[in-house]
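Peer 1: Predicted model, plus sequence, below.
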Amino acid sequence: MVKNVGGGMSPEPEALLRQLFAAAVDAALPDKSVPRHMPEAPKGRTIVVGAGKASAAMARVFEDHWDGPLEGLIVTRYGHAVPTRRIRAVEASHPVPDAAGERAAADMLAMMDGLGPDDLVVALMSGGGSALLSLAADGVSPEDKRAVNRALLKSGAPIQEMNCVRKHLSRIKGGRLAAAAYPARVETMVISDVPGDDMSAVASGPTVPDASTFAEARAILAKYNVDVPSSVRRHLEAAVDETPKPGDPRLARSRATLIASPQTSLEAAAAVARAQGIAPLILGDALEGEAREAGFLMAGMARQARLFGQPTTPPCVLISGGETTVTVRGDGSGGRNVEFLLALAIKLAGSPGIHAIAADTDGIDGAREVAGAVIAPGTLERARAIGLDPWDMLKRNDAHTFFAKLGDQVVTGPTLTNVNDFRAILVL
């Protein structure tokens, strides 16, 4: 047990870390965020559309708080749908798009036909929407678009760069959905999963103006040496039908509101730590870079806190959010939270009194149905006792197997929200 400043006992380190993660997820759930941002009812029709891992849950809450006529369509990840009454919910593939997502995107775009100034479109957008709302640009085959998506996922490109490319290979992203809805009013609710809460990056911003260009998309693919199919190359080089930019009159009646964010979740976790007599220090809600490098760096910070009381005195917890990346070079499946933790454990080398959790708030770390994992001072010793080589598994991007064999995974199932990664390092 951990003694707190009030003289009582807080939970065991692992239990406390899991409580912090649970608080972070709870703070971002749609049933807390959607009701506070309900739009004014229109004179005409109300159509709800949406995409992302939280979109079905958002749609159900919206239905529960809307009195008037309602219709719509949302697309979410397989396993993330919840029962809805008036808004049709479709499940599709993530992170690589499939035909179900493509059909849903086409249907959604068709719903915008014929809308007038008295109509309202409510867009419910959350992380994962870019893959789920996939509608290839004219002249680009769906399979070619999927090939580019798969290559970008393995490249280590940050989400903003990936989404720049996706917008310029799409008929619906980058403000195009809102442009199609004009002159209807468009109200977008956003649960952010991107560093900096750039709403044009969440789900690739179907209803938000896009400042990026075809030239930038080409440069990103060149930067990561992505060999693109010929149809993609021709489309990007032709550079016709640019995304709607800020100031485009077709988006004059479109407004986006951030309703849940990584910072809100970090603050909720910090409050739980503080109540247990543990001093929280939020390092940032938008940390990026290679996951293993972040793990190495934060190991040094944790040691500094324990040995010298800097930047804060133990008992303390270093909390951070954002989205790191994994450049997959080995035969493992990646997973940025587990790779961060394995690197952290290796660098800590069993340092006493330091425990950590890293998990994705959507319940999925990469393509695995695992949110993340936990580590403790004895993690490496336990691993070696059963024949695991931590360094080798890190080199092979196989951290998921590492933590599965130890039984140290964090498994939540779909949380029905997504405000990106949550990391907490407890220093006692």
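Peer 2: Done, it's in.

Peer 1: so where's the chain uncertain?
Peer 2: 1-10 (pLDDT under 70).

Peer 1: in it, which helix has the most residues?
Peer 2: helix 291-308 (DSSP state H).

Peer 1: contacts for the helix or strand just after that helix?
Peer 2: Next in sequence after helix 291-308, counting helices and strands by DSSP states H and E, comes strand 316-322. Contacts with strand 316-322, where a contact means C-beta atoms under 8 Å, 6 or more residues apart in numbering, come from 20, 195, 262-263, 265-266, 269-270, 273, 278-288, 298, 301-302, 305, 419-427. Where C-beta positions appear, they are placed from N, C-alpha and C, glycine not excepted.

Peer 1: do that again at 7 Å, thanks
Peer 2: Strand 316-322 has contacts (C-beta atoms under 7 Å, 6 or more residues apart in numbering) with 195, 262, 265-266, 269-270, 273, 278-288, 298, 301-302, 305, 420-427.

Peer 1: what do you get for stretch 153-163?
Peer 2: Contacts for stretch 153-163 (C-beta under 7 Å, 6+ apart): 95, 130, 152, 194, 198, 201, 204, 220, 224, 226, 288, 290, 323, 325-328.

Peer 1: Please repeat the previous calculation with a cut-off of 8 Å.
Peer 2: With C-beta under 8 Å, 6+ apart, stretch 153-163 has contacts from 95-96, 130, 149, 152, 173, 193-195, 198, 201, 204-205, 220, 223-226, 288, 290, 323, 325-328, 334.

Peer 1: Output it in CSV with nothing but the alpha carbons.
Peer 2: Taking Å, rounded to 0.1, in the frame of the first residue of the first chain, the C-alpha atoms of stretch 153-163 are listed here in CSV:
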residue,chain,number,x,y,z
LEU,A,153,0.3,3.3,-40.8
LYS,A,154,3.7,1.5,-40.9
SER,A,155,5.7,4.6,-41.8
GLY,A,156,5.7,6.4,-38.4
ALA,A,157,4.0,9.4,-39.8
PRO,A,158,2.1,11.5,-37.2
ILE,A,159,-1.6,11.6,-37.5
GLN,A,160,-1.7,15.2,-39.0
GLU,A,161,0.5,14.1,-41.9
MET,A,162,-1.5,11.0,-42.5
ASN,A,163,-4.7,12.9,-42.6
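
Peer 1: i'd like the first residue to be 398 from this point on
Peer 2: Sure, I'll start counting at 398 from here, so that last one is stretch 550-560.

Peer 1: Pull out the buried positions in that stretch.
Peer 2: Within stretch 550-560, the residues scored as buried using 16 or more other C-beta atoms under 10 Å are 550, 552-560.

Peer 1: now swap in stretch 807-825 and tell me
Peer 2: 807, 809, 811-825.

Peer 1: rewinding a little: emit the ChimeraX select command for whichever of the contacts of stretch 550-560 are buried.
Peer 2: The ChimeraX selection below is limited to those of the contacts of stretch 550-560 classed as buried (16+ other C-beta under 10 Å):
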select :492,527,546,549,570,590,591,592,595,598,601,602,617,621,623,685,687,720,722,723,725,731
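
Peer 1: Please list the members of the contacts of stretch 550-560 that lie in helices.
Peer 2: Using DSSP H, the subset of these located in helices is 527, 546, 549, 617, 620.

Peer 1: got a list of what the third one touches?
Peer 2: Counting by C-beta under 8 Å, 6+ apart, Leu549 makes contact with 558-559, 562, 621, 623.

Peer 1: Please dump those residues into JSON lines; it should also carry distance to Gly775 for every row.
Peer 2: Below are the contacts of Leu549 laid out as JSON lines (distance: C-beta to C-beta, whole Å):
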{"residue": "Glu558", "distance to Gly775": "39"}
{"residue": "Met559", "distance to Gly775": "37"}
{"residue": "Val562", "distance to Gly775": "43"}
{"residue": "Tyr621", "distance to Gly775": "38"}
{"residue": "Val623", "distance to Gly775": "41"}
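
Peer 1: Domain map for the chain?
Peer 2: 399-424+660-824, 431-657 (automatic domain parsing).

Peer 1: For Arg474, see how far away the closest residue to Leu574 other than its chain neighbours is.
Peer 2: Closest residue in space to Leu574, ignoring its immediate chain neighbours: Pro603 at 3.8 Å, by C-beta to C-beta, 6 or more residues apart in numbering. Computed as C-beta to C-beta, to the nearest Å, the Pro603 to Arg474 distance reads 17 Å.

Peer 1: Check Ser662 too.
Peer 2: Distance from Ser662 to Arg474, by C-beta to C-beta: 20 Å.

Peer 1: for the stretch 498-647 of the chain, what spans make up the strands?
Peer 2: Along the stretch 498-647 of the chain, counting by DSSP state E, counting those that start in this stretch, strands occupy 517-523, 582-588.

Peer 1: Let me see the residues that make contact with the last one.
Peer 2: With contact meaning C-beta under 8 Å, 6+ apart, strand 582-588 is reached by 425, 427, 430-431, 434, 436, 439, 449, 451, 455, 514, 516-524, 575, 596, 599, 604-605, 648, 650-658, 814-816.

Peer 1: Relative to that strand, what are the paired strands and their orientations?
Peer 2: strand 517-523 (parallel), strand 651-657 (parallel) (DSSP bridges).

Peer 1: Dump those into CSV; add distance to Gly706 and mean neighbour count as well.
Peer 2: Output for the strands paired with strand 582-588, formatted as CSV (distance: least, C-beta to C-beta, whole Å; neighbours: other C-beta atoms under 10 Å):
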stretch, distance to Gly706, mean neighbour count
strand 517-523, 39, 29
strand 651-657, 34, 20
